[in-house]
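# model the structure of this input:
(chains A and B)
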Protein chains: 2
Amino acid sequence: MPEPHIVKSYDDELGRLNDAIARMAGLAETQLTQAIQALVERDDQRAAQVIASDAEVDRFEEMVNEQVARLLALRAPVADDLRVALSALKVAASLERMADYAANAAKRSLVLNQLPPIPALRSLSRMGWLVIELSKEVMDCYLERDADRAMIAWERDQEVDELHSSLFRELLTYMMEDPRNIASCTHLLFIAKNVERIGDLATNIAEMTWYLVNGGGLRRARPKRDTSAYAMPRGDRSQ
Amino acid sequence: MPEPHIVKSYDDELGRLNDAIARMAGLAETQLTQAIQALVERDDQRAAQVIASDAEVDRFEEMVNEQVARLLALRAPVADDLRVALSALKVAASLERMADYAANAAKRSLVLNQLPPIPALRSLSRMGWLVIELSKEVMDCYLERDADRAMIAWERDQEVDELHSSLFRELLTYMMEDPRNIASCTHLLFIAKNVERIGDLATNIAEMTWYLVNGGGLRRARPKRDTSAYAMPRGDRSQ
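Just a heads-up that it's a prediction; the model follows:
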């Protein structure tokens, strides 16, 4: 039987790990929100801020990795606690990639701000807000260990994939209508893809929540509904 | 002091983990190679094969995750052995994403095969073969625990980033020259980005090799030389 003060300190360590994840999630959400706002408001300064803050998200991931490595080495957790440690690694990696995509979108909006605006920005920002909402929701589920609610959020990523597929076709159309739109639309295509990938990463966190609460594998199969990889100019093939 | 047969079985477990990673790497390399060949040879059947085999790579990652979770729970490894376990998780995740990008490229080549060929395919395949070479090299380094050679491969990802930036501009030019190229070039832009991301994932594996041999953080900062996020139509801004 371990000494009471050791158990206490172990719980503290798990609590600190959870705090680090919660703070990292807050920062990643800020990065996503700022990136979408920078894009919609054509705000160079905000975009530059997102690019600059990306390194901070990376440092958070490093911190989580180190906390987990220390926890595993010193505490040798099993069962539930081992899942807390392993899911923390995976969630931190997902958050880091989400923020990475946000920073990439911010870089691209610096270029877009030098070119005439494209109407598709409205669909893109709708998709962006939905992904931010889903990301917040799955992080709340993870931190509250609510696997059932996480699966509801997981399902809603379908809406993101559908918005993305339709936006992809919309952007192709603008490019074909007027070659002067090509540069802008290309960057918008990549931003849209980034946002869609952020949605996928949110579903990864939903899956980690499931794993944390219910055990089983660290990955779950998921149906893939985004059909943009198969998109054709006329839009009548595909699916 | 543990019993000799327990030590033996522990070594077996570490060996099995390494074998699983080696086999997963072999499969991922096959997927990359087949995806580039399917693209270059406009071979639908080969592309379909890559798409179908992606699930097998996912199963390998799941298997590695389970082996690592079991190792941590039953053996509570520390120091070197803990790094073997943690790096295995990260390397398997990188390999899974590499194969994911290969499958996405294969999906896009099914579409490209229905459209007229684009000359940029040559630059893209050059970039593809370089990335495959680098991926094989970093995996050899990881499996042989050769951190110094891994850092040499890490450096060479710069060539990939440079090829990608120039290909990005080349594809934009084709699109502007003739709107009938837009659909093909858009898919080629995404395939090029996928290949560039596979190169980034190879550098992650190089970093994991460094971590495995030398300790330190699970992530290292790296300079980013791909400037395609900043690409402008005229090509005289950027960097």
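
# okay, CA-based contacts and neighbour counts for the rest of this
Will do.

# and the gap between A:G15 and B:F190?
41 Å (Cα to Cα, to the nearest Å).

# same deal with A:F168?
Remark: distance between A:F168 and B:F190 (Cα to Cα) = 12 Å.

# quick one, what contacts A:A48?
A:A106, A:K107, A:L110 (Cα atoms under 8 Å, 6 or more residues apart in numbering or on different chains).

# over to the second one: give its phi and psi.
Put plainly, it is A:K107. phi -60, psi -40 (degrees, to the nearest 10).

# which bits of chain A sit near chain B?
Proximity of chain A to chain B, by Cα under 8 Å from any Cα of the partner chain, involves residues A:62, A:65-66, A:69, A:72-73, A:76-79, A:82, A:86, A:104, A:107-108, A:110-111, A:172, A:175-176, A:179-180, A:182-183, A:186-187, A:217-219, A:229-233.

# mind listing the helices for chain A?
A:4-40, A:44-75, A:79-112, A:121-144, A:147-177, A:182-214 (DSSP state H).

# mean confidence score for the shortest one?
Put plainly, it is helix A:121-144. Averaged across helix A:121-144, pLDDT comes to 96.

# now swap in the third one and tell me
Helix A:79-112 shows a mean pLDDT of 97 in the predicted model.

# what comes up buried for that helix?
Going by neighbour count (16 or more other Cα atoms under 10 Å in any protein chain shown), the buried part of helix A:79-112 is A:81-112.

# next one: the last one
Burial within helix A:182-214, assessed by neighbour count using 16+ other Cα under 10 Å, is assigned to A:182-213.

# how close does the nearest residue to A:A103 once chain neighbours are set aside get to B:Q45?
Setting aside the residues directly before and after it, A:A103 is nearest to A:I51 in space (Cα to Cα, 6 or more residues apart in numbering or on different chains), at 4.9 Å. Per Cα to Cα, A:I51 is found 42 Å from B:Q45.

# do the same with A:Q67
47 Å.

# comparing these two, which residue is more hemmed in?
Between A:Q67 and B:Q45, A:Q67 has the larger neighbour count (other Cα atoms under 10 Å in any protein chain shown), namely 20 against 11.

# pLDDT weak spots in chain A?
A:1-8, A:217-226, A:232-239 (pLDDT under 70).

# closest to B:E155 out of the contacts of A:A48?
Nearest to B:E155, judged by Cα to Cα, of these is A:K107 at 23.5 Å.

# hang on, the closest one packs against B:A231?
No - with contact defined as Cα atoms under 8 Å, A:K107 does not count as touching B:A231 (9.9 Å).

# once you drop chain neighbours, what's closest to A:L32?
Using Cα to Cα, 6+ apart, the closest residue to A:L32 is A:A102 (5.4 Å).

# what sits against that neighbour?
Contacts for A:A102 (Cα under 8 Å, 6+ apart) come out as A:Q31, A:L32, A:A35, A:V50, A:N194, A:V195.

# chain neighbours aside, what residue packs nearest to the last one?
In this case it means A:V195. Excluding the flanking residues, the one nearest A:V195 by Cα to Cα, 6+ apart is A:G128, at 6.2 Å.

# could you report the neighbour count for that neighbour?
Using other Cα under 10 Å, A:G128 has 26 neighbouring residues.

# and it, how far from B:I132?
In this structure, A:G128 and B:I132 are 34 Å apart, going by Cα to Cα.

# likewise A:L212?
Distance, A:L212 to B:I132, by Cα to Cα: 35 Å.

# and what of A:D157?
As judged by Cα to Cα, A:D157 and B:I132 stand 32 Å apart.

# quick one, which of those two is more surrounded?
Taking neighbours as other Cα under 10 Å, A:D157 and B:I132 compare with A:D157 leading, 25 against 21.

# not counting its neighbours along the chain, what's nearest that one?
That would be A:G199: by Cα to Cα, 6+ apart, it lies 6.1 Å from A:D157.

# and for A:V111?
B:Y230 (6.1 Å).
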